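*Asks:* below are the sequence and a predicted model; questions follow.
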Amino acid sequence: MSFSHPQWLPLLGLLPVLLFMEWLAQRRRNQAWAIFAEGISLQQLSTVPNVRRWRAFFSIALGAGFLLLALAGPRWGAGGETGVVIGRDLIIVLDLSRSMTAEDMADPTHHQRWQAAQAGVRDLVTAARRRGGHRFGLVVFAAKPWLVCPLTSDEEHFLARLEEFSPKAPPLEIRPGADEAISSGTSIGAGIALGLYSQDPRFPGHRDILLLTDGDGPGVEEEVQPAIRMAAEQGIPVHVVGLGDPDKPTSLVLGAAQEDFVGTKLQEPLLKDIARRTNGEYIPAHRDMPPLGEWFTSVLAPRPSRTLSDDLIPQPKDRMPWFAAIGLIFLMIGWGRER
């Protein structure tokens, strides 16, 4: 089961609170009757028996619960509308430069920065599947950026493309050519710019960029400025995940000789500035796997969604009318029992 509008689901947590409040009110009501009419049973004073009142309240609470589920838009099974997806468009921009191979992450299974970044993106897609309708694209970059997966609703295809790349064996498309003058092996600005160009211009206000990087590289601060201005002008937030230790540089071997190494650390001020100036969010993963599933559910998914009608991937069938009908039936039963 997935939900079109999961932001309504937390309201279901109010139902137990309402049940407790009704129990407390009923208890105080009984105590008041006992003081007011000593010697007379409560059944003689009340025209509605307690059991009947409780059944009515439970029916109303169940009705409200089903109506809240209907508002959340439950969907499952085949047979839904083809070509209609409701969600947001998110371009992932993943840093595959050499500094992302630094082994300073706390998780032993994802001890390099790029591995933690990939794990975080997988967590994000898993969370997005609970609702469905979102589209994902993937840009990888080092000295140059490359769009490896245009926007798609096919999460399996997106994840398959994500798993194909690593900075240990970067694709030729992101390496500098022999005759190219590349000032840095970490072209964050070019990666962001390609992500912006890869967005669907039909849906302003429903588009985001998610940059995963350590921000480390010569000349990055100057190189990224045009992309920041472009994102701000287009109104596309650039959310940034900062990976690595921001305080202590990690040694990174560059050549065959063990003495050929440099220190690399998370350039947090720069990444915070990118997020701030584009109205994005900065996610300080540091040495941990970024909790992008939780971030997506709490921050991105509740934002306004676009409706896309030209995607050919079948969607689960909308079951909202069932829940709405059951909720109304329980409400009518509850109101009838109160009389």
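*Replies:* Noted; the coordinates are in hand. Residues are numbered from 1 along each chain as shown.

*Asks:* would you map the helices across this structure?
*Replies:* 14-36, 42-45, 50-72, 113-129, 155-162, 188-197, 220-223, 225-234, 268-277, 292-295, 320-338 (DSSP state H).

*Asks:* return the most buried member of those.
*Replies:* helix 188-197 (a mean of 24; mean count of other Cβ atoms under 10 Å). Yep, even glycine has a C-beta here, placed from its N, CA and C like the rest.

*Asks:* that helix to helix 268-277, inter-axis angle?
*Replies:* 30 degrees (axes from the mean of the first three to the mean of the last three Cα atoms, to 10 degrees).

*Asks:* between the helices of the chain, which gets nearest to Leu212?
*Replies:* Proximity to Leu212 (Cβ to Cβ) singles out helix 113-129 among those, at 4.1 Å.

*Asks:* okay, that closest one in CSV with CA atoms only?
*Replies:* Extracted in CSV, the C-alpha atoms of helix 113-129 (Å, rounded to 0.1, in the frame of the first residue of the first chain):
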residue,chain,number,x,y,z
ARG,A,113,32.1,8.7,1.6
TRP,A,114,30.7,7.8,-1.7
GLN,A,115,29.4,4.5,-0.3
ALA,A,116,27.6,6.3,2.5
ALA,A,117,26.1,8.7,-0.1
GLN,A,118,24.8,5.8,-2.2
ALA,A,119,23.3,4.1,0.9
GLY,A,120,21.5,7.3,1.8
VAL,A,121,20.0,7.6,-1.7
ARG,A,122,18.8,4.0,-1.5
ASP,A,123,17.1,4.9,1.8
LEU,A,124,15.5,7.9,0.2
VAL,A,125,14.1,5.9,-2.7
THR,A,126,12.7,3.3,-0.3
ALA,A,127,10.9,6.0,1.6
ALA,A,128,9.5,7.5,-1.6
ARG,A,129,8.1,4.2,-2.7
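
*Asks:* summarise which helices and strands that helix is packed against.
*Replies:* strand 89-95, helix 155-162, strand 207-213, strand 238-243, helix 292-295 (3 or more Cβ pairs under 8 Å, 6 or more residues apart in numbering; DSSP states H and E).

*Asks:* let's see that with 7 Å instead.
*Replies:* Where contact means 3 or more Cβ pairs under 7 Å, 6 or more residues apart in numbering; DSSP states H and E, helix 113-129 is packed against helix 155-162, strand 238-243, helix 292-295.

*Asks:* enumerate every residue touching the closest residue to Leu138 other than its chain neighbours.
*Replies:* Once flanking residues are discounted, Leu138 sits nearest to Cys149: 3.9 Å by Cβ to Cβ, 6 or more residues apart in numbering. Residues near Cys149 by Cβ atoms under 7 Å, 6 or more residues apart in numbering: 137-138, 158, 161.

*Asks:* just put those residues in a markdown table and tack on pLDDT and distance to Asp214.
*Replies:* Output for the contacts of Cys149, formatted as a markdown table (pLDDT from 0 to 100; distance: Cβ to Cβ, whole Å):
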| residue | pLDDT | distance to Asp214 |
| --- | --- | --- |
| Gly137 | 96 | 22 |
| Leu138 | 97 | 18 |
| Phe158 | 94 | 23 |
| Arg161 | 93 | 22 |
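
*Asks:* can I get those residues in JSON lines with distance to Asp247?
*Replies:* Listed next are the contacts of Cys149 as JSON lines, based on distance: Cβ to Cβ, whole Å:
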{"residue": "Gly137", "distance to Asp247": "33"}
{"residue": "Leu138", "distance to Asp247": "30"}
{"residue": "Phe158", "distance to Asp247": "34"}
{"residue": "Arg161", "distance to Asp247": "34"}
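
*Asks:* which one of the residues you listed is nearest to Leu266?
*Replies:* So of the contacts of Cys149, ranked by how close each gets to Leu266 (Cβ to Cβ), first place is Leu138, at 22.2 Å.

*Asks:* beta-bridge partners for that closest one, please?
*Replies:* With DSSP bridges as the criterion, Leu138 is bridged to Ile92, Cys149.

*Asks:* quick one: it and Phe158 touch, right?
*Replies:* Yes - counting by Cβ atoms under 7 Å, Phe158 is a contact partner of Leu138 at 6.4 Å.

*Asks:* quick one, domains of the chain?
*Replies:* Split into domains by automatic domain parsing, the chain comes to 2-79+317-338, 85-308.

*Asks:* for those domains, which has the smallest mean pLDDT value?
*Replies:* If those are sorted by mean pLDDT, domain 2-79+317-338 sits at the bottom with a mean of 72.

*Asks:* pull the distance from stretch 13-24 to the chain's centre.
*Replies:* 30 Å (Cα atoms, centre = their mean, to the nearest Å).

*Asks:* any idea how far Gly334 is from the residue nearest to the spatial centre of the chain?
*Replies:* Nearest to the geometric centre of the chain sits Phe296, at 1.3 Å (Cα atoms, centre = their mean). Using Cβ to Cβ, to the nearest Å, Phe296 is found at 37 Å from Gly334.
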